[in-house]
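*Asks:* Below is the sequence, then the predicted model.
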Amino acid sequence: MAPSAGWLPTVAEIDLGVFAHNLRAVRQRLAVGCQLMAVVKANAYGHGVAPLARVALQHGATWLGVARCEEGLTLRQEGITAPILVLGTTWPDELAALLTHRLTPVIGSPEDATHLQRAAQRRGTLSPVHVKIDTGMGRFGTMPTQLMALLDHLAACTHLRLEGLMTHLACADTPDVASVQGQLAQFQEVCQQCAARGVTPPYVHAANSAGLYRYPESHGTLARAGIVLYGAATFTAPAIELLRPVLAWKTHLARVQAVPASTGIGYGHTFITRRASVIGTLPVGYADGFNRHLSNVGQVLIRGQRVPVVGQICMDMCMVDLTDLPTAQMGDEVMLIGAQGEAHITAADLAVQCGTIPYEILCGISQRVPRRYLTMELQPCQ
Ligand SMILES: Cc1ncc(COP(=O)(O)O)c(C=O)c1O
């Protein structure tokens, strides 16, 4: 098998057309007057941040969300000028770069405001800020009882302008409706208190993907969608079936070897053939993000058929049992995530087998795996 130019044994194929389709589907769920933030943190959930951010903006997202200042800087270096909200902590040492590159910070305490005010004053700029209120996530933001003190403090910060009030839902993708309703009620109450003081910032936001699909009352004026855009929702909701997986992870069979019964396979011989077998080797291991928990548990698709992973997954390789697929040949395409014929394996399938969530499976596909982008006919934003 002679590799053609540009041929790669293992790739994560990112279908930008599917991503655009998901964006359109998600936008149709938004309440009137609600803008869409595409959450592209963690390298767009492993899909590659710059191409996905561009498509998101071409298809109606007006904001991008990142976790860290450096992720926002990467987007600016890529020439992206749209508003970018840094959802996590911005540290004092990062504030100069944040202001220079017009990233919007989230703050949760008077100390955050003080640091930002000093940095903005030094630069002579006025920085927008979004204030986060911890209504029940227990992670980041001011407690509701301390919000008024923070607003008093902000009012004295000459170089800061309150642009948004936000909270984050802890249980929107779980059956715990009461928790979500409690958070939303608390958020609404503090927003009303703010309004009573004349504080009505243009952006009020609470919804993540699950909030967006399951709790229209969480939409406010901005919804922060991540996982649904990538077609890997962790919950059920009306119209969720319209979303399609953006990423397919494929490799090729590197070796096909007949072995006798009682042959030990891989480190520790955790799999011993029970019959004369054919063992295939894949050039993918846990260093690529093919999680070691899939050892003797996972499956892959070859020629449209499910084939079990046997033995421990190694750093760079793993083995599969081809005995029941006699047509398999070296060089055959192997689907780790994606569809082949009628069969498909999703990030959610791998997540169940690994005891984790699709987010971690997608983010866990390492940098060593080249991303290949399937381009699309760009369609006008609707
Ligand atoms: C503050 C915030 N908003 C929105 C999101 C997007 O979440 P999801 O991918 O569930 O839509 C995240 C992701 O964790 C987040 O941290």
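*Replies:* Looks like it arrived, so ask away. Numbers count the residues shown, from 1 in each chain.
*Asks:* Check whether the helix or strand hosting residue 213 comes near the ligand.
*Replies:* Assigned by DSSP states H and E, residue 213 belongs to helix 209-214. Yes - applying CB under 6 Å from any ligand atom, one finds helix 209-214 touching the ligand at residue 209. In this view, the C-beta of every residue, glycine as well, is placed from N, C-alpha and C.
*Asks:* what about the helix or strand following that helix and the ligand, touching?
*Replies:* The first helix or strand that comes after helix 209-214 along the chain, using DSSP H and E, is strand 222-225. Yes - judged by CB under 6 Å from any ligand atom, strand 222-225 and the ligand are in contact via 224, 225.
*Asks:* Show me what strand 222-225 is packed against.
*Replies:* strand 35-39, strand 203-205, helix 209-214 (3 or more CB pairs under 8 Å, 6 or more residues apart in numbering; DSSP states H and E).
*Asks:* In TSV: the ones you listed, plus mean pLDDT and mean neighbour count.
*Replies:* Formatted as TSV, those follow (pLDDT from 0 to 100; neighbours: other CB atoms under 10 Å):
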stretch	mean pLDDT	mean neighbour count
strand 35-39	98	23
strand 203-205	98	23
helix 209-214	98	25
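*Asks:* which outside residues touch stretch 19-33?
*Replies:* Under the contact criterion CB atoms under 8 Å, 6 or more residues apart in numbering, stretch 19-33 has outside partners 36, 38, 47, 52, 55-56, 58-61, 212-213, 216, 219, 221, 223, 225, 228-231, 239, 242-244, 246, 376, 378-379, 382.
*Asks:* doesn't residue 307 make contact with residue 301?
*Replies:* Yes - assessed by CB atoms under 8 Å, residue 301 is found in contact with residue 307 at 7.2 Å.
*Asks:* Do a quick rundown of the helices in the chain.
*Replies:* 16-27, 41-45, 49-58, 69-77, 95-100, 110-123, 147-155, 177-196, 209-214, 347-354, 358-363 (DSSP state H).
*Asks:* Residue 258 is nearest to which of the ones you listed?
*Replies:* Judged by CB to CB, the one of the helices of the chain that comes nearest to residue 258 is helix 347-354, at 27.5 Å.
*Asks:* which stretches of this structure have low pLDDT?
*Replies:* 1-5, 376-382 (pLDDT under 70).
*Asks:* residues in contact with residue 56?
*Replies:* Taking CB under 8 Å, 6+ apart as the test, what residue 56 contacts is 19, 23, 38, 40, 64, 229.
*Asks:* Please tell me how far residue 102 sits from residue 86.
*Replies:* Residue 102 sits 11 Å away from residue 86, going by CB to CB, to the nearest Å.
*Asks:* ok so, going back, put together JSON lines for the helices of the chain, with distance to residue 291 on each row.
*Replies:* JSON lines is the format used below for the helices of the chain (distance: least, CB to CB, whole Å):
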{"stretch": "helix 16-27", "distance to residue 291": "24"}
{"stretch": "helix 41-45", "distance to residue 291": "16"}
{"stretch": "helix 49-58", "distance to residue 291": "22"}
{"stretch": "helix 69-77", "distance to residue 291": "24"}
{"stretch": "helix 95-100", "distance to residue 291": "34"}
{"stretch": "helix 110-123", "distance to residue 291": "36"}
{"stretch": "helix 147-155", "distance to residue 291": "41"}
{"stretch": "helix 177-196", "distance to residue 291": "30"}
{"stretch": "helix 209-214", "distance to residue 291": "23"}
{"stretch": "helix 347-354", "distance to residue 291": "5"}
{"stretch": "helix 358-363", "distance to residue 291": "7"}
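*Asks:* Pick the most deeply packed of those.
*Replies:* Among the helices of the chain, helix 209-214 has the highest mean neighbour count (mean count of other CB atoms under 10 Å), at a mean of 25.
*Asks:* before we move on, the earlier item: can you tell which of the helices and strands packed on strand 222-225 is closest to residue 120?
*Replies:* For the helices and strands packed on strand 222-225, the distance to residue 120 is smallest for strand 203-205, at 18.9 Å, taking CB to CB.
*Asks:* So is the closest one next to the ligand?
*Replies:* No - for a cut-off given as CB under 6 Å from any ligand atom, strand 203-205 has no contacts with the ligand; the smallest distance is 8.3 Å.
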